[in-house]
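Visitor: predicted model, plus sequence, below.
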Amino acid sequence: MKKFLSAPVAMLLAVSILAGCAGSTPVTTSEPAAATDTPATDTPATADTPVAEAEPVTLKWALWDLEVTDYYRAIMDGYKKVAPHVTIEPVDLGSADYMNMLQTQLSGNADFDVVAIKDIPGYANLIAQNQLEPLNDYVNSAGIDTDLFGGITEQVTVDNELYQLPFRSDFWVIFYNKDLYDAVGVEYPSNDLTIEDYDALARKLVNGEGNDKVYGAHYHTWRSCVQLFGILDGLHSIVDGTYDWIAPYYEMILAQQKDGVVMDYATAVSTSSHYRDLFFNAKIAMMNNGTWMIASNITASADGTSLATNWGMVKYPHPAGTEPGTTFGTITGVSIAANSKNKDEAFKFIEWTSGPEGATALAAIGAIPAIQTEEIMSAIANAPGFPTDQNSIDALQTAKIYLEMPLHEKSGEIDVALNEEHSEIMNGSKTIEDGLAAMNRRVGEILQ
């Protein structure tokens, strides 16, 4: 079993630093070429030095939600220009159970070369099973300055070894439909919403009945949508082992469910309602979600698949007394599969994807990369389709970002327990008190 370094719970991101995930049918980024197990020996590609006369190679990339996530295409199209000899073959494993599916596939010797890392618990499990290639030697040989990632790489280091390079670093904001605000005469939200302000605002926005009903807000079925309001005061972590501090947020959201302000959890689960569909179909006035929705909103507004074309975003609601712009977030990384036969070429791809060139490609479509320079931040705000109002632009500036799940050797087990008890509370099978007591007991036992 790998030993895990204790990672800082809080991740401060300066304004001068920035960072961006995705379907079903495999596609390629260049004309099909015969795969070879012999890695090319050319020097690492950069945006200005295209690879020429290299041996053709196919890299299989395990990922999720390819068809509804634009940054995958931006990455693959960008890399094609500098490495035309490489064919990227994405394999969509679906999003619902991606990390477990990935672990199963790798255990069965699936021939992936590159794998996208969706969450910290799954990352920890893959390392424990020796399914990811250590990257320190590659990183040192390539001379990569990990300081560009603003401390992210230190938080995903295990036994002094790095197993992924981050290419996205998303944080949570509030997305809202301006037309639905206008329809009920409610002023748009500000960048200084307390959690109490947010609750009151949601109640003003709900209107209509039946098929015409518009919910004031929406919470996807993830536990993050509810539980992580509680970490924003900086006093708690989701791996603490005690969880009574989450009670006020369950109370607020269950009251919203009871009053019809938001779709109830049981309905969201039974109908497989996706937050994107609800927002695009103008069924919710606002929702708490990650900045990965920026690129989705831009694309759906442009291609006519969204009715919510007049949208905006503001900073995440914060506890009273906490600095506006305090939020939580997650990183998305790329790793080399331990059984890849094309490890050198795979590393060149993840080096480009996670580096300045990949960051620029992501920023151009409004996705948040892991490298966050002032220039990249400006590119996101100026991406075609990004809202032009100042509040939306200012929402890109954060004060403090807490990791959704800090790296911990038991993070996978903790995540399972918290998810199961969250579901029990939200669907009414357990009271808040009983559900939190079960979290305390179960996670306490895990941490022993």
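Guide: Arrived safely. Residues are numbered from 1 along each chain as shown.
Visitor: can we go C-alpha only for contacts and neighbour counts from here?
Guide: Fine.
Visitor: how about the strands in the stretch 51-200 of the chain?
Guide: 57-63, 86-92, 114-117, 157-158, 161-162, 165-177 (DSSP state E, counting those that start in this stretch).
Visitor: what's the first one packed up against?
Guide: Using 3 or more Cα pairs under 8 Å, 6 or more residues apart in numbering; DSSP states H and E as the contact criterion, the secondary-structure elements in contact with strand 57-63 are strand 86-92, strand 114-117.
Visitor: and these, which is most packed in?
Guide: Mean neighbour count (mean count of other Cα atoms under 10 Å) peaks for strand 114-117 among these, with a mean of 26.
Visitor: can you list the helices and strands packed on strand 57-63 in CSV and add mean pLDDT and distance to H408?
Guide: Shown next, in CSV, are the helices and strands packed on strand 57-63 (pLDDT from 0 to 100; distance: least, Cα to Cα, whole Å):
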stretch, mean pLDDT, distance to H408
strand 86-92, 98, 27
strand 114-117, 98, 16
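Visitor: adding distance to D182, write those out as CSV.
Guide: Below are these laid out as CSV (distance: least, Cα to Cα, whole Å):
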stretch, distance to D182
strand 86-92, 39
strand 114-117, 40
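Visitor: quick one: closest of the strands of the stretch 51-200 of the chain to N211.
Guide: The closest of the strands of the stretch 51-200 of the chain to N211 is strand 165-177. By Cα to Cα, the value is 17.9 Å.
Visitor: mean confidence score for that closest one?
Guide: For strand 165-177, the mean per-residue pLDDT is 96.
Visitor: also stretch 246-255?
Guide: On average, stretch 246-255 scores 98.
Visitor: got the strands of the stretch 51-200 of the chain as a markdown table, with distance to T267 columns?
Guide: Compiled in a markdown table, the strands of the stretch 51-200 of the chain are given as follows (distance: least, Cα to Cα, whole Å):
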| stretch | distance to T267 |
| --- | --- |
| strand 57-63 | 28 |
| strand 86-92 | 27 |
| strand 114-117 | 29 |
| strand 157-158 | 39 |
| strand 161-162 | 41 |
| strand 165-177 | 22 |
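Visitor: mind giving me the domain split of the chain?
Guide: Here the domain parsing of the chain from automatic domain parsing is 11-170+329-381, 171-328.
Visitor: out of the ones you listed, nearest to K430?
Guide: Among these, the nearest to K430 by Cα to Cα is domain 171-328 (11.9 Å).
Visitor: how far does that closest one sit from its chain's centre?
Guide: From the chain centre to the centre of domain 171-328 is a distance of 16 Å (Cα atoms, centre = their mean, to the nearest Å).
Visitor: quick one, helices of the stretch 251-400 of the chain?
Guide: Secondary structure of the stretch 251-400 of the chain (DSSP state H, counting those that start in this stretch): helices located at 265-270, 275-280, 292-303, 343-354, 356-363, 374-381, 390-394.
Visitor: got the angle between the fifth one and helix 374-381?
Guide: Looking back up the chat, that one is helix 356-363. 20 degrees (axes from the mean of the first three to the mean of the last three Cα atoms, to 10 degrees).
Visitor: would you mark the buried spots in stretch 60-79?
Guide: 60-66, 68-79 (16 or more other Cα atoms under 10 Å).
Visitor: relative to R442, which of the domains of the chain is closest?
Guide: Per Cα to Cα, nearest to R442 of the domains of the chain: domain 171-328, 8.4 Å.
Visitor: end-to-end on the closest one?
Guide: 6 Å (Cα to Cα, to the nearest Å).
Visitor: low-confidence ranges in the protein?
Guide: 1-53 (pLDDT under 70).
Visitor: what about F175, neighbour count?
Guide: 27 (other Cα atoms under 10 Å).
Visitor: who's in contact with it?
Guide: Taking Cα atoms under 8 Å, 6 or more residues apart in numbering as the contact definition, F175 lies against M286, M287, N288, N289, W311, G312, M313, V314.
Visitor: which residues in the stretch 101-250 of the chain form helices?
Guide: Under DSSP H, counting those that start in this stretch, the stretch 101-250 of the chain gives helices at 120-128, 136-142, 152-155, 178-183, 195-205, 224-227, 247-258.
Visitor: with mean neighbour count and distance to E375 added, can I get those helices in CSV?
Guide: Formatted as CSV, these follow (neighbours: other Cα atoms under 10 Å; distance: least, Cα to Cα, whole Å):
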stretch, mean neighbour count, distance to E375
helix 120-128, 21, 29
helix 136-142, 13, 24
helix 152-155, 20, 19
helix 178-183, 17, 28
helix 195-205, 17, 32
helix 224-227, 20, 30
helix 247-258, 16, 37
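Visitor: turn those into JSON lines, including distance to G412.
Guide: JSON lines is the format used below for the helices of the stretch 101-250 of the chain (distance: least, Cα to Cα, whole Å):
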{"stretch": "helix 120-128", "distance to G412": "4"}
{"stretch": "helix 136-142", "distance to G412": "24"}
{"stretch": "helix 152-155", "distance to G412": "16"}
{"stretch": "helix 178-183", "distance to G412": "39"}
{"stretch": "helix 195-205", "distance to G412": "29"}
{"stretch": "helix 224-227", "distance to G412": "15"}
{"stretch": "helix 247-258", "distance to G412": "23"}
